[in-house]
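> Turn this into a model:
(one chain, ligands or ions: 1)
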Amino acid sequence: MTPSLLITGATGFLGQYLVAAARRKWRVAGTFHRTRREDAERLLAGVDSGKIDLTDFRDVRDMLDAVRPKAVIHSAALADPNYCEQHPDESLRVNLQATLNLAGLCGDRRIPFVFTSTDLVFDGTRAPYAEDGPVSPLNLYGEHKALAEQAVLERYDEAAICRMPLLFGFADNGRVPFFQRMASEFRAGRPMTLFADELRTPISGPVAAVGLLLVAASGMEDEAVNPKEIERVRGILHLGGRESISRYEMGTQMLDILGLPPSLAEPISFRDVPGAAARAADVSLDSSRAYALGFDPPPVRKQIERLLGRTVEEKKDTDAHG
Ligand SMILES: NC(=O)c1ccc[n+]([C@@H]2O[C@H](COP(=O)([O-])OP(=O)(O)OC[C@H]3O[C@@H](n4cnc5c(N)ncnc54)[C@H](OP(=O)(O)O)[C@@H]3O)[C@@H](O)[C@H]2O)c1
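Numbering: from 1, shown residues only. Predicted coordinates:
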């Protein structure tokens with residue numbers, strides 16, 4: 001029987017890519033929160049979906065009893081550092097308390113629980129960071145994620161914590177990620193300022209989904225979802241890309257791919273753009289543990305090409321079908 005996977009935050013940037021990749025092999029159930037039901041039904045067409053506030057323990061318990069998933073990927077979060085800085089109580093409830101509740105409920109049921117954490121648990125002064133490096137968050141988002149990591153592992157020692165790097169791609173949930181804004185500005189011939197001194201090890205949404213599904217399926221005896229018989233992944237795992245690059249470099253790569261002048265990308269320093277949350281200079285991840293397990297992110301340029309190619313294809317498809 002096809003195993004079932006619960007994806008929290010299925011209407012989010014990462015959740016959308018997770019659902020698209022998972023449904024090829026899993027029976028997927030996805031949750032949403034503030035997205036209007038009709039929009040969620042459009043975004044999650046063909047997938048069991050449910051509206052839930054994950055901070056409500058009883059609702060979460062009832063949902064797990066109803067869905068009975070074989071594994072859970074927790075991608076719901078308040079993921080905007082500036083928002084978290086300005087809404088500390090809400091961030092604590094969603095990013096720490098809801099995560100801990102879900103981890104505990106999965107622990108009680110002994111089902112794999114994959115928590116998506118962040119490279120922003122680090123302060124950016126000692127990259128590249130391996131899994132065993134001490135955390136040192138600069139802002140509340142990173143702090144609450146770091147607290148959640150520790151609390152999850154104390155509550156359920158079989159949980160997997162995947163620290164995600166900067167993710168890039170497109171979203172059709174009404175929020176426009178930086179990569180999408182970059183693509184539309186450049187395609188319209190408009191310049192865009194991009195941080196040149198903030199380094200990350202980015203991966204695209206589709207590549208992130210592949211990595212997280214590998215972890216969710218690890219240890220399962222089902223050949224469809226775990227064909228390489230990867231042993232159960234526990235503890236902290238970095239799912240970063242192979243290159244340490246800035247958004248500015250990503251912009252120049254995109255311009256090169258699109259055949260547009262490199263001057264459309266204008267380098268700026270993150271130090272010149274004040275925000276509510278402090279920013280880290282270089283939170284590049286050392287992801288060799290994940291690579292040894294078979295996680296194999298392609299070069300960033302290739303990932304950008306694939307994303308742009310697909311939107312071109314999608315556009316052709318839309319044009320052809322009105
Ligand atoms: N995007 C990145 O570059 C990046 C980098 C590192 C780590 N991460 C991590 O990756 C994960 C996914 O991030 P993302 O960028 O996809 O975030 P996102 O686009 O902001 O999506 C967040 C999701 O969480 C849901 N959600 C928020 N509060 C909720 C609540 N109280 N109850 C239930 N659901 C709730 C949202 O539902 P509604 O929209 O329906 O309200 C949405 O589906 C997060 O754990 C984030 O920390 C992301």
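> How about the residues of the stretch 1-150 of the chain by the ligand?
When proximity is defined by Cβ under 6 Å from any ligand atom, the stretch 1-150 of the chain lies next to the ligand at 9, 11-15, 31-35, 52-55, 75-79, 94, 116, 118. (Each C-beta comes from the backbone N, C-alpha and C, glycine too.)
> Mind giving me the PyMOL select for the residues you listed, buried ones only?
Only the buried entries of these go into this PyMOL selection, using 16 or more other Cβ atoms under 10 Å:
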select buried, resi 9+11+12+13+14+15+31+32+33+35+52+54+55+75+76+77+78+79+94+116+118
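> Please flag which of the residues of the stretch 1-150 of the chain next to the ligand sit within strands.
Residues of these located in strands (DSSP state E): Thr31, Phe32, Thr116, Thr118.
> Would you point out the most distant pair within those?
Greatest spatial distance among these (Cβ to Cβ): Phe32 and Thr118, at 20.8 Å.
> Kindly reformat the ones in strands among the residues of the stretch 1-150 of the chain next to the ligand as a markdown table containing distance to Ala290 and pLDDT.
Formatted as a markdown table, these follow (distance: Cβ to Cβ, whole Å; pLDDT from 0 to 100):
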| residue | distance to Ala290 | pLDDT |
| --- | --- | --- |
| Thr31 | 26 | 97 |
| Phe32 | 28 | 97 |
| Thr116 | 13 | 98 |
| Thr118 | 15 | 98 |
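> What is the nearest of those to Gly174?
For those, the closest approach to Gly174 (Cβ to Cβ) belongs to Phe32, at 12.3 Å.
> I'd guessed the closest one sits against Leu54; true?
No: between Phe32 and Leu54 there is no contact under Cβ atoms under 8 Å: 10.4 Å.
> which non-adjacent residue is nearest the closest residue to the ligand within the chain?
Using Cβ to the nearest ligand atom, the single residue of the chain nearest to the ligand is Gly12, 2.1 Å away. Leaving aside its chain neighbours, Gly12 sits nearest to Ser75 (6.0 Å; criterion: Cβ to Cβ, 6 or more residues apart in numbering).
> Can you tell me the SS state at Ile236?
Put simply, Ile236 is strand when judged by DSSP: H, G, I helix; E, B strand; the rest coil.
> what about Glu185, distance to Glu198?
19 Å (Cβ to Cβ, to the nearest Å).
> ok, now Arg301?
When distance is defined by Cβ to Cβ, Arg301 is 19 Å away from Glu198.
> Could you report the neighbour count for Arg271?
11 (other Cβ atoms under 10 Å).
> who's in contact with the residue nearest to it when sequence neighbours are not counted?
Nearest residue to Arg271, sequence neighbours excluded (Cβ to Cβ, 6+ apart): Asp197, at 7.4 Å. Asp197 makes contacts with Ser246, Ser269, Phe270, Arg271, Ala281, as judged by Cβ atoms under 8 Å, 6 or more residues apart in numbering.
> Cross those residues against helices and list the overlap.
Using DSSP state H, no member of the contacts of Asp197 falls within helices.
> which of those residues sit farthest apart?
Based on Cβ to Cβ, the longest span within those runs between Ser246 and Arg271 and measures 13.2 Å.
> per-residue pLDDT, the nearest residue to Thr116 once chain neighbours are set aside?
In space, Thr116 comes closest to Ser75 once its chain neighbours are excluded; the distance is 4.9 Å by Cβ to Cβ, 6+ apart. For Ser75, the pLDDT comes out at 98.
> Repeat that for Met1.
For Met1, the pLDDT comes out at 80.
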